[in-house]
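Trainee: A predicted structure for the sequence below; I have some questions about it.
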Amino acid sequence: MNEMDREPKSYVLRRAEENGPSKLSLDYAQALNAQQLAAVTAGDGPALVIAGAGSGKTRTLIYRVAYLIDKGIDPSSILLVTFTRKSAQEMLNRTGLLIGSRSERVFGGTFHSVANTLLRQYGRSIGIQPGFTILDRGDSEDLISLLRAQLGLSEKDKRFPRKGTIAEMISKCVNTLQGLDDVVLGEFAHFSEHLEDLDKLWRAYEADKRARQLLDYDDLLVKLRELLSTDEAVRQTVSHRFRYILVDEYQDTNRLQADIIRKLAATHDNVMVVGDDSQSIYAFRGATFRNIMDFPTLFPESRLYKLEENYRSTQPILNVANDVIRGASEKYTKQLFTRKLDGPLPALVQAAGENAQSRFITQKILELREEGVPLDEVAILFRSSFHSFDLEIELSRRDLPFVKRGGFKFIETAHVKDLLAHLRVIENPLDAVSWNRVLLMVEGVGPKKAQDLIASFVKQGRPERTPLDALREVAGRSSRGLKDLAKALDEAGKLAALTPAEQVNEIYGYYLPILKEHYDDYPKRVRDLEHLYTIAERYQTLDTFLADLALEPPDQSVTGVEALDRDDERVVLSTIHSAKGLEWQCVFVIWAVDGRFPSAYSFATEEELEEERRLFYVAVTRAKQHLFLTYPINVYDKTTGSVLSKPSRFLDDVAPSLLETWALVEEGGFHDRWG
């Protein structure tokens with residue numbers, strides 16, 4: 001028998017991943033808790049990891065990438081999708097420290113950067129050439145402005161939305177997969193009469209981009225979805241290329257992004273998404289809570305993993321958080337726990353009014369500082385930016401430096417500065433800076449005319465003739481705009497007859513049409529001006545009111561105010577949206593009042609109210625050691641005056657034994673003028 005005719009001997013080539021845990025280079029069980037380990041070592045197929053606040057979500061993702069590589073998975077077949085380029089790079093750098101340089105071959109980036117790469121490689125089949133140009137937001141707005149003018153929409157009798165507002169409308173439609181009419185009627189109802197023209201402009205915008213090989217930021221996702229939907233060969237190729245897909249912060253994805261992930265995983269379903277349904281708080285950006293709740297429907301074979309051990313907060317704080325989220329109508333049930341069992345009970349602090357709330361916070365911060373809590377380990381969180389206005393004044397009065405995140409500081413908001421400029425020229429008619437701001441708001445007055453008017457107002461040598469007199473003279477022979485201004489300043493300038501709050505109200509009546517003309521989002525700005533009225537109510541004279549609002553010189557922020565002995569520390573003031581992912585030793589959650597938190601605007605739908613609950617949960621879980629929930633009893637309402645408030649309805653679900661209730665008492669037992 002010929003040697004070559006013999007049956008060949010079989011030799012089995014094992015897959016690298018079948019070599020088993022004994023061959024792994026890391027001791028995963030030693031590095032992770034049991035819940036993290038289960039998620040990290042999950043087998044193939046779809047997986048949903050519900051990562052509670054402070055439970056080591058990022059660590060779990062990093063070890064998951066390391067584990068896949070350690071098992072022998074080709075690193076270039078792993079796709080890590082995050083919400084910022086920085087977070088992707090940091091995760092892969094940390095993975096490299098665990099597993100070595102192999103991690104450099106993992107494809108990590110944002111949804112948009114992934115889309116950019118794939119469209120340049122495969123986009124020809126849908127008419128996109130590799131050399132396409134990406135428009136940033138400013139470029140997009142400029143193109144919209146150009147097309148608006150070409151279509152004659154800038155010359156309409158009734159004001160057409162500005163370019164930034166139109167760009168926002170289009171982006172919202174794209175990211176939520178809604179029609180233009182739904183977005184405009186739902187969020188920009190004051191522009192509903194322009195729906196037909198807006199639709200025409202949007203179509204012109206899309207056609208112009210297509211003709212010039214331009215893609216805006218949102219197009220990257222839209223076109224990737226189109227590519228994966230219409231080109232079966234590309235979908236198969238890309239899906240085979242990325243055999244393992246990991247997605248961070250899945251609760252913050254929009255419908256478009258969820259659909260892209262479904263299509264990228266078309267051939268294998270090896271998708272692990274990590275997120276926390278209880279921290280889904282970005283609906284206003286187009287994110288949808290439904291994505292994380294419906295993941296098991298999108299991927300029917302998915303397995304659920306929960307991370308519930310918290311490494312941030314004490315158990316008393318977590319007990320409150322657990323009770324708050326337990327009241328959610330829809331959720332993945334979880335119970336946060338920690339090994340930090342001891343700590344002070346969170347306090348529910350009842351103040352007589354808003355300023356008493358502010359004074360309590362400043363006093364408590366100073367006490368905590370004496371106890372060794374640094375200023376930069378203290379955060380004051382709020383639902384809306386204007387909730388902190390009174391507090392900013394109080395912190396400055398007590399020389400407590402702070403930095404504000406999310407929204408503008410009180411006197412930095414353009415509309416507040418506009419209204420205050422009118423009051424400043426009443427108080428000081430020689431204030432040329434305020435005159436310039438006031439005059440430029442008048443129709444028909446440009447920079448040159450404003451300067452000429454100011455020069456004539458403040459001429460030397462005529463003490464008997466004030467700038468207001470000069471304005472009256474000019475207004476008498478000028479346009480209606482200057483006449484209306486002169487009348488408003490005269491009415492509000494009756495110093496002896498009016499309180500500062502009444503003066504604010506007078507100017508508000510004059511300024512409201514200007515506000516509507518200058519700002520497309522004026523309904524939101526009106527609330528700030530109503531709050532300015534509330535602050536003014538505490539003052540008897542205009543000069544003290546304006547002096548207290550001038551927290552710092554123009555062009556210098558409050559962050560420039562330095563503490564005497566720790567000038568590198570700042571108390572953090574932040575909207576809760578801007579605080580997500582951060583933590584502090586001590587957290588104050590202010591205005592925990594029904595109507596403010598949850599916002600009265602959220603009462604319309606169950607979905608909005610539930611998002612407010614999740615926002616409250618996020619606020620509570622930022623605290624490591626101390627948590628204070630504060631609310632004023634007396635709340636000003638513009639239509640009914642002062643009304644008695646009730647604590648946030650989200651606290652109804654919290655067992656009374658989990659909170660200490662504090663009532664603020666004035667020293668000496670009396671109620672001073674700030675109560």
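Mentor: Great, that's in hand. Keep in mind the model is a prediction, meaning the values are calculated, not measured. Residues are numbered from 1 along each chain as shown.
Trainee: Flag the shaky bits of the stretch 501-650 of the chain, pLDDT-wise.
Mentor: Scanning the stretch 501-650 of the chain with the threshold set as pLDDT under 70 gives 547-568, 636-644.
Trainee: where do the helices sit along it?
Mentor: 522-536, 542-549, 576-579, 606-620 (DSSP state H, counting those that start in this stretch).
Trainee: And the third one, what does it pack against?
Mentor: The contact analysis (3 or more C-beta pairs under 8 Å, 6 or more residues apart in numbering; DSSP states H and E) places helix 576-579 against strand 378-382, helix 606-620. From N, CA and C alone the C-beta is placed, and that goes for glycine too.
Trainee: And the residue nearest to residue 234 when sequence neighbours are not counted, how close does it get to residue 69?
Mentor: Leaving aside its chain neighbours, residue 234 sits nearest to residue 122 (4.7 Å; criterion: C-beta to C-beta, 6 or more residues apart in numbering). For residue 122, the distance to residue 69 (C-beta to C-beta, to the nearest Å) stands at 26 Å.
Trainee: can you check residue 471 too?
Mentor: 74 Å.
Trainee: Among those two, which residue is more densely surrounded?
Mentor: residue 471 (25 against 22; other C-beta atoms under 10 Å).
Trainee: Surely residue 526 touches residue 516?
Mentor: No: Residue 526 lies out of contact with residue 516 (C-beta atoms under 8 Å); the separation is 9.2 Å.
Trainee: closest to residue 216 out of the helices and strands packed on helix 576-579?
Mentor: Smallest distance to residue 216 across the helices and strands packed on helix 576-579 (C-beta to C-beta): 27.3 Å, for helix 606-620.
Trainee: What are the neighbouring residues in contact with residue 82?
Mentor: Neighbouring residues of residue 82 by C-beta atoms under 8 Å, 6 or more residues apart in numbering: 88, 91, 108-110, 248-249.
Trainee: on that earlier part again, as CSV, the helices of the stretch 501-650 of the chain with mean neighbour count would be great.
Mentor: Listed next are these as CSV, based on neighbours: other C-beta atoms under 10 Å:
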stretch, mean neighbour count
helix 522-536, 19
helix 542-549, 17
helix 576-579, 20
helix 606-620, 21
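Trainee: sorry, back to before: now for the residue nearest to residue 234, how many residues are close by?
Mentor: Neighbours around residue 122, by other C-beta under 10 Å: 20.
Trainee: Surely it touches residue 233?
Mentor: No: between residue 122 and residue 233 there is no contact under C-beta under 8 Å: 9.0 Å.
Trainee: Between the helices and strands packed on helix 576-579, which one is closest to residue 586.
Mentor: strand 378-382 (4.7 Å).
Trainee: by contact count, what packs against that closest one?
Mentor: Short answer (3+ C-beta pairs under 8 Å, 6+ apart): strand 378-382 packs on helix 354-370, strand 571-575, helix 576-579, strand 584-589.
Trainee: could you redo the last one with a cut-off of 6 Å?
Mentor: Contacts defined by 3 or more C-beta pairs under 6 Å, 6 or more residues apart in numbering; DSSP states H and E place strand 378-382 against strand 571-575, strand 584-589.
Trainee: What pairs with the last one, parallel or antiparallel?
Mentor: Taking DSSP bridges as the criterion, strand 584-589 sits next to strand 378-382 (parallel), strand 623-632 (parallel) in its sheet.
Trainee: What residues does the closest residue to residue 576 other than its chain neighbours make contact with?
Mentor: Counting by C-beta to C-beta, 6+ apart, residue 576 lies nearest to residue 619, which is 4.7 Å off, once chain neighbours are set aside. By C-beta atoms under 6 Å, 6 or more residues apart in numbering, the residues touching residue 619 are 381, 576, 589.
Trainee: Would you confirm that the last one contacts residue 631?
Mentor: No: Residue 589 sits out of contact with residue 631 when judged by C-beta atoms under 6 Å, with a separation of 9.3 Å.
Trainee: Could you identify the helix or strand that succeeds the helix or strand containing residue 215?
Mentor: Per DSSP states H and E, residue 215 falls inside strand 214-216. Beyond strand 214-216 on the C-terminal side, the first helix or strand identified by DSSP H and E is helix 217-230.
Trainee: In contact with the spatially most central residue of the chain: list those residues for me.
Mentor: In the chain, the centroid-proximal residue (C-alpha atoms, centre = their mean) is residue 577; its distance is 4.1 Å. With contact set as C-beta under 6 Å, 6+ apart, residue 577 has no partners.
Trainee: And residue 303, its phi and psi?
Mentor: Residue 303 adopts backbone torsions of phi -110, psi 150, taken as degrees, to the nearest 10.
Trainee: residue boundaries of the strands in the stretch 101-250 of the chain?
Mentor: 107-110, 133-135, 214-216, 244-247 (DSSP state E, counting those that start in this stretch).
Trainee: check contacts around residue 78.
Mentor: Neighbour list for residue 78: 68, 106, 244 [criterion: C-beta under 6 Å, 6+ apart].
Trainee: Next, residue 79: secondary structure please.
Mentor: Three-state call for residue 79 (DSSP: H, G, I helix; E, B strand; the rest coil): strand.
Trainee: Distance of the closest residue to it other than its chain neighbours relative to residue 266?
Mentor: Excluding the flanking residues, the one nearest residue 79 by C-beta to C-beta, 6+ apart is residue 242, at 4.1 Å. Distance, residue 242 to residue 266, by C-beta to C-beta: 11 Å.
Trainee: next one: residue 450
Mentor: For residue 450, the distance to residue 266 - C-beta to C-beta - is 62 Å.
Trainee: what's the first-to-last distance across stretch 122-135?
Mentor: 20 Å (C-alpha to C-alpha, to the nearest Å).
Trainee: And for stretch 577-589?
Mentor: Span of stretch 577-589 from end to end, C-alpha to C-alpha: 13 Å.
Trainee: How about stretch 296-311?
Mentor: Start-to-end span of stretch 296-311 (C-alpha to C-alpha) is 28 Å.
Trainee: Tell me which residues of it come out buried.
Mentor: 298-299, 302-303, 305-310 (16 or more other C-beta atoms under 10 Å).
Trainee: Show only the entries of those residues found in strands.
Mentor: By the criterion of DSSP state E, membership of these in strands covers 303, 305-307.
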